[in-house]
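S.K.: predicted model follows, preceded by the sequence.
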There are 2 protein chains.
Amino acid sequence: MHHGQRHGGRGPGGRLTVVSLGPGHESLITPQCLDALRRAEVIVGYTPYLDLVPEAAKAGKELISTGMRGEVDRAEAAMEAALSGRDVAVVSSGDAGVYGMAGLILEMVEARDLWEAIEPVVMPGIPALAAAAALLGAPLTHDFAVISLSDLLTPWTLIERRLEASARADFVTVIYNPRSKRRHWQLGKAMDILAAERSPDTPVGLVRQAFRPEQAVSVSRLADFDATAVDMVSIVVVGNASSRMVGGRMAGGRMLTPRGYAGKYDLEG
Amino acid sequence: MHHGQRHGGRGPGGRLTVVSLGPGHESLITPQCLDALRRAEVIVGYTPYLDLVPEAAKAGKELISTGMRGEVDRAEAAMEAALSGRDVAVVSSGDAGVYGMAGLILEMVEARDLWEAIEPVVMPGIPALAAAAALLGAPLTHDFAVISLSDLLTPWTLIERRLEASARADFVTVIYNPRSKRRHWQLGKAMDILAAERSPDTPVGLVRQAFRPEQAVSVSRLADFDATAVDMVSIVVVGNASSRMVGGRMAGGRMLTPRGYAGKYDLEG
């Protein structure tokens, strides 16, 4: 076991590890997660995530993948494999705990009362919010809210309430699942809600495919933001009242949320 | 340069990289950050963070550290070293973009108009919120707000407003900097604000020193939460209305926020 991991003795039912892949590039997977992938006998994941697993860790392994709608099937297959005594890794992109597979796995282990048989372990990774923030500069140096615009599992009225709350309480707002072919109007509505409480000059950062070959990063004014340029693999970050664009003549600009409200930069704690 | 990194050509003024150490254990630093540390000629950081840098990466390097209140001094020393043509790494624990050094560095580069001379790069890491979530189970599978209780740079009235907004809009709430010797009453007040909108049975997770030898993890009912057990190196996670304790007879319990409000686990997107 890795130092400091809380759980993860190999139970009588095998081993089930939820592994976070981070943005997808091998230089951004932790050694802890890479070791878990190397050790696993079975790797389970949505096909595009399995593609992110380093080839060396996949060689000779049983790979179980299903399409986007097969989440429950994947979780069940992972549990069955663990119960048969095998060492199973379930992979999630970003951090498995942030809108990832950790929740579904734990929920199913709970529903079937398999805690003692399986003892699942969750290993953290670089969340999409941290990857996007690093590429944008420093937008998350102050309090922020993280909101998914996917209304398949959440009523849109609740999503709107959270957007309003985030806008009014001056949180930097990180938007996951901003737009898909079927969910094309929600992002525009979300930006309208935020714009009601923010200056038109508020910076909005857009990061697509962070740290992948297709990576695209841009910062625009809230008033100029083009929601139609956004897709499912994007993260959108809307600044708080203090956020501003920085970066001088650098291509694309950067986004900064200053930490101090009074310029007291010699104080901390 | 690492694949996909947006910036970071070595400018005429040298190189300045903000490096995220994650929770502190070497198995949770990304290869990207470890490479940046190995490559650096100068490593700058608050003393306890320098202690987290692997020895092999520190050997033979110039190390610049100052005490807790020397943040600005450290940032200035890092800029001066980069301007003299050296390769400089500024280290932050967790993710440097989440309440970390990235903001201050970018703010100072902006104030002195050094973008073209230095071209700072921020490298992401495992934020404390992700490390805590993994150890607690799966508390962050739905929308969440991240709030620091430190009122040295932020008026307490604004912090209260954010806590109220998070409670009313049913965000899972992640609390950074929950308590110190000088800031001893704020956490109790924060929990009172959250308790006004939550059931007494709401799970509250407490993680101290995640993935370090002193690690301590516990989950309690909101009504039973003992704020005096919390210190500066803790993260507190308060559930939303759907969060619950799980884990059966496992020591300490776990915390789960189910994703779906209608049990529609065969849908995603």
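M.R.: Yes, it's here. Residues are numbered from 1 along each chain as shown, chains lettered A, B, ... in the order given.

S.K.: when you work out contacts or count neighbours from here on, use the C-alpha atoms and nothing else.
M.R.: Noted.

S.K.: mind listing the strands for chain A?
M.R.: A:15-20, A:42-44, A:62-64, A:87-92, A:121-123, A:137-138, A:144-148, A:172-176, A:203-208, A:216-221, A:234-238, A:244-246, A:254-256 (DSSP state E).

S.K.: residue A:228: neighbour count?
M.R.: Residue A:228 has 12 neighbouring residues, counting by other C-alpha atoms under 10 Å in any protein chain shown.

S.K.: contacting residues for it?
M.R.: Under the criterion of C-alpha atoms under 8 Å, 6 or more residues apart in numbering or on different chains, residue A:228 has no neighbours.

S.K.: what do you get if the cut-off is 10 Å, keeping everything else the same?
M.R.: Shown in contact with residue A:228 (C-alpha atoms under 10 Å, 6 or more residues apart in numbering or on different chains): A:179, A:180, A:184, A:185, A:187, A:188.

S.K.: next one: residue A:109
M.R.: A:75, A:76, A:79, A:103, A:115, A:116, A:117, A:118, A:119, A:120, B:246, B:247.

S.K.: residue B:72 versus that one, what's the distance?
M.R.: 48 Å (C-alpha to C-alpha, to the nearest Å).

S.K.: swap in residue A:247?
M.R.: 20 Å.

S.K.: do the same with residue A:246
M.R.: Noted for residue A:246: a distance of 19 Å to residue B:72, by C-alpha to C-alpha.

S.K.: among the contacts of residue A:109, who's most crowded?
M.R.: Going by other C-alpha under 10 Å, residue A:120 tops these with 28 neighbours.

S.K.: shouldn't that one be in contact with residue A:105?
M.R.: Yes. Applying C-alpha atoms under 10 Å, one finds residue A:120 in contact with residue A:105, separated by 8.1 Å.

S.K.: mutual contacts of the two, please.
M.R.: The contact lists of residue A:120 and residue A:105 share A:16, A:17, A:18, A:79, B:137, where a contact means C-alpha under 10 Å, 6+ apart.

S.K.: need those in a markdown table (columns: distance to residue A:56 and pLDDT).
M.R.: Formatted as a markdown table, the shared contacts of residue A:120 and residue A:105 follow (distance: C-alpha to C-alpha, whole Å; pLDDT from 0 to 100):
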| residue | distance to residue A:56 | pLDDT |
| --- | --- | --- |
| A:16 | 20 | 96 |
| A:17 | 18 | 98 |
| A:18 | 19 | 98 |
| A:79 | 24 | 94 |
| B:137 | 29 | 96 |
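
S.K.: which among the residues you listed gets closest to residue A:209?
M.R.: residue A:18 (22.1 Å; C-alpha to C-alpha).

S.K.: please name the residues that touch that closest one.
M.R.: A:33, A:36-37, A:43-44, A:78, A:88-92, A:95-97, A:100-103, A:105-106, A:120-124, B:134.

S.K.: who's it bridged to?
M.R.: On the basis of DSSP bridges, residue A:18 is bridged to residue A:90, residue A:122.

S.K.: picking up where we left off before, ok, the contacts of residue A:109 vs residue B:174, which is closest?
M.R.: Once C-alpha to C-alpha is applied, the member of the contacts of residue A:109 that ends up nearest residue B:174 is residue A:103, at 16.8 Å.

S.K.: all helices for the stretch 101-250 of chain A, in order.
M.R.: A:101-111, A:115-118, A:128-136, A:156-168, A:186-195 (DSSP state H, counting those that start in this stretch).

S.K.: and those helices, which is most packed in?
M.R.: helix A:128-136 (a mean of 28; mean count of other C-alpha atoms under 10 Å in any protein chain shown).

S.K.: quick check: angle from that one to strand A:203-208?
M.R.: Helix A:128-136 runs at 110 degrees relative to strand A:203-208, counting by axes from the mean of the first three to the mean of the last three C-alpha atoms, to 10 degrees.

S.K.: please save the CA atoms from helix A:128-136 in PDB.
M.R.: The C-alpha atoms that make up helix A:128-136 are tabulated as PDB, following Å, rounded to 0.1, in the frame of the first residue of the first chain:
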ATOM      1  CA  ALA A 128     -10.300  19.400 -14.800                       C
ATOM      2  CA  LEU A 129     -10.800  22.600 -12.700                       C
ATOM      3  CA  ALA A 130      -7.100  22.600 -11.600                       C
ATOM      4  CA  ALA A 131      -5.800  21.800 -15.100                       C
ATOM      5  CA  ALA A 132      -7.900  24.600 -16.600                       C
ATOM      6  CA  ALA A 133      -6.900  27.100 -13.900                       C
ATOM      7  CA  ALA A 134      -3.200  26.500 -14.500                       C
ATOM      8  CA  LEU A 135      -3.500  27.100 -18.200                       C
ATOM      9  CA  LEU A 136      -5.600  30.200 -17.600                       C
END
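
S.K.: near chain B at all, it?
M.R.: Yes. Interface with chain B: helix A:128-136 contributes A:128, A:129, A:130, A:131, A:132, A:133, A:134, A:135, A:136 (C-alpha under 10 Å from any C-alpha of the partner chain).

S.K.: could you list every helix and strand in contact with the helix or strand of chain A with the lowest mean pLDDT?
M.R.: The helix or strand of chain A with the lowest confidence, counting by mean pLDDT, DSSP states H and E, is helix A:115-118 at a mean of 88. Applying 3 or more C-alpha pairs under 10 Å, 6 or more residues apart in numbering or on different chains; DSSP states H and E, we find helix A:115-118 packed against strand A:15-20, helix A:71-83, helix A:101-111.

S.K.: enumerate the positions of the second one that are buried.
M.R.: Of the residues in helix A:71-83, those with enough neighbours to count as buried (16 or more other C-alpha atoms under 10 Å in any protein chain shown) are A:71, A:72, A:73, A:74, A:75, A:76, A:77, A:78, A:79, A:81, A:82, A:83.

S.K.: per-residue pLDDT, the first one?
M.R.: The reference is to residue A:71. Looking at residue A:71, its pLDDT is 85.

S.K.: make sure it is actually in contact with residue A:103.
M.R.: No. Taking C-alpha under 10 Å as the definition, residue A:71 is not a contact partner of residue A:103, at 11.3 Å.

S.K.: so which of the contacts of residue A:228 reach chain B?
M.R.: A:179, A:180.

S.K.: out of the contacts of residue A:228, who's nearest chain B?
M.R.: Using C-alpha to the nearest C-alpha, residue A:180 is the member of the contacts of residue A:228 that lies nearest chain B, at 8.2 Å.

S.K.: distance check, that closest one against residue A:232.
M.R.: Between residue A:180 and residue A:232 the distance is 5 Å, computed by C-alpha to C-alpha.

S.K.: tally of neighbours for the residue of the stretch 151-269 of chain A found nearest chain B?
M.R.: In the stretch 151-269 of chain A, no residue comes nearer to chain B than residue A:211, which is 4.1 Å away by C-alpha to the nearest C-alpha. When neighbours are defined as other C-alpha under 10 Å, residue A:211 has 24 of them.

S.K.: return the distance of stretch A:132-140 from the chain's centre.
M.R.: Here stretch A:132-140 is found 14 Å from its chain centre; the criterion is C-alpha atoms, centre = their mean, to the nearest Å.

S.K.: fine by me, we can end here.
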